[in-house]
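S.K.: Build me a model:
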Amino acid sequence: MEKVVFDKQMSAPTTAAGTLCIFFHDCMVGGCDASILIASNAFNKGERDADINLSLPGDAFDLITRAETAIELECPGIVSCSDILAVATRNLITMVGGPRYDIR
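M.R.: Residues are numbered from 1 along each chain as shown. Purely as a prediction, here's the structure:
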């Protein structure tokens, strides 16, 4: 996952800020559940597509999708999307000069 995060930040320098924004929207009220990552389908409008979330950056969603794919190939069904979002956000913050913090 670290390579995916590094590569995405290098190719799209706004990824760190966008991922932090998504992390905030998902985790700061009531804890992380990755519901912000759920896209709409024919039967349900997902949280990601709610009017208030339409301004969230696509690069961040792309990063989490790529990271999830990489992790699922290595250890399917083990790591949750909310964990991926939390770790990717922490790694990006550190990568752009912010503090490194522990994740429980």
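S.K.: Residue 74 versus residue 99, what's the distance?
M.R.: Here residue 99 is placed at a distance of 28 Å from residue 74 (Cβ to Cβ, to the nearest Å). In short, each C-beta sits where N, CA and C put it, glycine included.
S.K.: err, residue 7, not the other one
M.R.: 16 Å.
S.K.: if you count what's nearby, which of those two comes out ahead?
M.R.: residue 7 (13 against 9; other Cβ atoms under 10 Å).
S.K.: per-residue confidence at that one?
M.R.: Per-residue confidence (pLDDT) for residue 7: 96.
S.K.: Repeat that for the one 4 residues further on.
M.R.: According to the model's per-residue confidence, residue 11 sits at a pLDDT of 96.
S.K.: so what's it up against?
M.R.: Taking Cβ atoms under 8 Å, 6 or more residues apart in numbering, we find residue 11 in contact with no residue.
S.K.: how about a cut-off of 10 Å?
M.R.: Residues in contact with residue 11 (Cβ atoms under 10 Å, 6 or more residues apart in numbering) are residue 59.
S.K.: distance of it from residue 43?
M.R.: Remark: distance between residue 11 and residue 43 (Cβ to Cβ) = 34 Å.
S.K.: and what of residue 54?
M.R.: Counting by Cβ to Cβ, the gap from residue 54 to residue 43 is 20 Å.
S.K.: most centrally placed residue in this protein?
M.R.: The centroid of the chain falls nearest to residue 85 when counting by Cα atoms, centre = their mean (3.7 Å).
S.K.: Could you double-check that it sits in contact with residue 37?
M.R.: Yes. Residue 85 lies in contact with residue 37 (Cβ atoms under 10 Å); the separation is 7.2 Å.
S.K.: Quick check: neighbours shared by these two?
M.R.: Here residue 85 and residue 37 have 22, 26, 60, 64, 68 as joint contacts, going by Cβ under 10 Å, 6+ apart.
S.K.: Have a look at the residues you listed and tell me the least confident one.
M.R.: residue 26 (89).
S.K.: That one reaches residue 36, doesn't it?
M.R.: Yes. Contact criterion Cβ under 10 Å: residue 26 and residue 36 qualify, at 4.0 Å.
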